[in-house]
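Student: can you look at this prediction? I've put the sequence above it.
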Amino acid sequence: MGVVSGTALGAIISRRLQLGDSDGSIRRALSCFPWPDMSQRVLDAYFISGGKSTNEPFKLNSVPSMQMKRSCLELMIIGNFVEVFLAKEGHDGLVGINYLEKIQLPTLPSLLGAMLGGVDFIVMGAGIPTSIPGILDRLSAWETVELTLHVEDNSRRDLYSYRFDPKEYFSGPLPKLSRPKFLAIVSSEIIAKVMNRKATGFVDGFVLENHTAGGHNAPPRKDESSTTHRFLQFGKKDIPNIAKIRELGKPFWLAGGYASPMKLKEALDFGANGIQVGTAFAFCNESGIVPEIKHEVLRQCLNGKLKVLTDFQASPTGYPFKLIELKNMGTDQEENKERKRICDLCYLRHPYCKGDSEIGYRCPGEPISTYLLKGGCQDETIGKQCLCNGLLATIGLGQIREDGCELPIVTAGEDFSFITALVKDSRLTYSAADVIDYLRK
C-alpha cells in the first residue's frame, strides 16, 4: 500500500496552482471532483497560468480555526481529494493517507476529501486518535461529526469540540462513500490497548513505530532523574513489546529501521503483516523533496557524514522530531533557529482559553513576544522551529520573504543502511520500484 501525507494539503495544492500546475495534474483531478462549483472557486482563487513570478510571495489561504471560513474548508476538502485521486491513478493498488492527531482543526474536512477521492486506509499517529474510527463510520453515511479538541489553559475543564456537517457544503445527490480502514500508529503495546478498548469504532490494525523512525516520535518514557525535557533520551523502556501487540489479534506492521529484506523477514517471523517504510522512499526519484536536497542527503550518506538527530525542542507539538542537518543546503539547524519568527500557516497552533470560554490560538514557534502576550511560557519557545514553513520549503514550496526564501527542514529516520544496495555507480538516484525490488529480495 502506498501512503501519502495528509498534512497541509490545502496550502500545498494552492501553491502548486500558483506555480502554474505545469503538468496539469491538479486540474485533471479537479475536473473529476463531484462538485464543479467548488473546484472552480479554488481555481479562481489560486490558479496562475504560467505560474507566479519567482520573487513573488505565495498568496496565503485562510488559517484553520474553530470558526473556519468556507473557503478554508473547501480548500482542505479539495486538497485531500486531489492528493488521493492522483495517488490512485494508473494502478489498482491500495492507497492510504497519514494524518497527525496533534493537528486537529483540519481533520474532519480533510477526512471527507480523502474519502471522496476513494482512499482505502486512514493512518494516524502523533497522539491517541480514539475518536477517528467512529468519525469514519459517520462520515461514510454523510452524518454530522464532532471532534473533541485539546484546549490549553482550560482550568474549568470545559468541553470544546469542532462540529462538521458534510451535507452543508454540497447540494444535490450525495455520492456513496466507502468507509476506509483505520490503522493507528503506536509506539507501545499500552497505546495499542487503549486504542483497542476506547476507540469509538473499529480499529483495523496498528503500525508499531519505534523511535528511530523519521518525523515525529512518541516522547520517551519518563526518566525520574531528568529535571528538564532537554535531557530526555530514549532507553530500554521505549522498545515496543511486539509479543504484546501480537496478542491483540489484529494486523500490525513494524516501522523504524525495517527497510531491508532481512528486517522484513524478521517482522514476518514476529507475526507482523509487514513493514512500514518511509525514509527509503523519501529520497527516491518520485519523492516530492527537491532533487538538490535528495542528492546532498545521498552524497553525505555515502561519504559517512550524514547525521540524523532527535531534537526534543524543535517541534511546536512538544514531540521529539528527527532532523537532518545539511550545512551547504540551507538546512543548518542553527540558521533555522535564527529565523525571524513568522507564523502564517498555523497548522500547529494550539487553541487556548482566553477567559469566559473564549478561544484564542498560539504557537510556540510564533514571535516570542506575541506568544507571551497570549499567556504562553517563555520556556516553551526555546529551540522551536516553524515546521509548517520549513517542510513546505523542502518540497519546493517555501514562502518568499524580504530576506529570501524560507529555509527547508529535512526529516528522516535514523536507518540509511538501504543506500548501498540502491545507489549504484555514484549516481545519486534510485526509483521507488528499486526500493520495492530490494525489499523483496
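Tutor: Received, thanks.
Student: residue contacts, Thr7?
Tutor: For Thr7, the contact set (Cβ atoms under 8 Å, 6 or more residues apart in numbering) comprises Asn98, Tyr99, Leu100, Ile103, Tyr347, Leu391. Yep, even glycine has a C-beta here, placed from its N, CA and C like the rest.
Student: what's the neighbour count on the last one?
Tutor: The burial count assigned to Leu391 is 25, neighbours taken as other Cβ atoms under 10 Å.
Student: inside helices: which ones of the contacts of Thr7?
Tutor: Leu391 (DSSP state H).
Student: just the buried members of the contacts of Thr7?
Tutor: Asn98, Tyr99, Leu100, Ile103, Tyr347, Leu391 (16 or more other Cβ atoms under 10 Å).
Student: longest helix in the protein, by residue count?
Tutor: Secondary structure of the chain per DSSP H: the longest helix is helix 70-87.
Student: what residues sit buried inside that one?
Tutor: By 16+ other Cβ under 10 Å, the buried positions in helix 70-87 come out as 72-87.
Student: next: stretch 296-315.
Tutor: So, applying 16+ other Cβ under 10 Å, buried residues of stretch 296-315: Glu296, Val297, Leu298, Gln300, Cys301, Leu306, Val308, Thr310, Phe312, Gln313, Ala314, Ser315.
Student: next step: those residues restricted to strands.
Tutor: Using DSSP state E, the subset of the buried residues of stretch 296-315 located in strands is Val308, Thr310.
Student: of all the buried residues of stretch 296-315, which comes closest to Met195?
Tutor: Using Cβ to Cβ, Ser315 comes nearest to Met195 of the buried residues of stretch 296-315, at 22.4 Å.
Student: wait, that closest one sits on Lys322?
Tutor: No. With contact defined as Cβ atoms under 8 Å, Ser315 does not reach Lys322; the gap is 9.8 Å.
Student: just checking, what packs against the one helix or strand Ala29 maps to?
Tutor: Here Ala29 sits within helix 25-30, counting by DSSP states H and E. Applying 3 or more Cβ pairs under 8 Å, 6 or more residues apart in numbering; DSSP states H and E, we find helix 25-30 packed against helix 9-18, helix 36-46, helix 70-87.
Student: for those, which one sits closest to Met195?
Tutor: Closest approach to Met195 among the helices and strands packed on helix 25-30 is made by helix 70-87 (22.8 Å; Cβ to Cβ).
Student: tilt between the closest one and helix 9-18?
Tutor: With axes from the mean of the first three to the mean of the last three Cα atoms, to 10 degrees defining the directions, helix 70-87 sits at 80 degrees from helix 9-18.
Student: gap between Tyr169 and Leu75?
Tutor: 12 Å (Cβ to Cβ, to the nearest Å).
Student: and if you look at Ala184?
Tutor: Taking Cβ to Cβ as the measure, Ala184 falls 27 Å from Leu75.
Student: any idea how far Glu296 is from Leu306?
Tutor: Leu306 sits 9 Å away from Glu296, going by Cβ to Cβ.
Student: chain center to stretch 185-203, what's the gap?
Tutor: 20 Å (Cα atoms, centre = their mean, to the nearest Å).
Student: which parts of that stretch are buried?
Tutor: Buried residues in stretch 185-203 (16+ other Cβ under 10 Å): Ile185, Val186, Ser187, Ser188, Glu189, Ile191, Ala192, Met195, Asn196, Ala199, Gly201, Val203.
Student: could I get these as CSV with distance to Gly249, secondary structure and pLDDT?
Tutor: Output for the buried residues of stretch 185-203, formatted as CSV (distance: Cβ to Cβ, whole Å; DSSP: H, G, I helix; E, B strand; the rest coil; pLDDT from 0 to 100):
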residue, distance to Gly249, secondary structure, pLDDT
Ile185, 19, strand, 95
Val186, 15, strand, 93
Ser187, 20, coil, 90
Ser188, 17, coil, 89
Glu189, 13, helix, 90
Ile191, 16, helix, 92
Ala192, 11, helix, 91
Met195, 13, helix, 93
Asn196, 9, helix, 91
Ala199, 15, coil, 93
Gly201, 17, coil, 93
Val203, 11, coil, 95
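Student: per-residue confidence at the closest residue to Gly2 other than its chain neighbours?
Tutor: Once flanking residues are discounted, Gly2 sits nearest to Val95: 5.5 Å by Cβ to Cβ, 6 or more residues apart in numbering. Looking at Val95, its pLDDT stands at 97.
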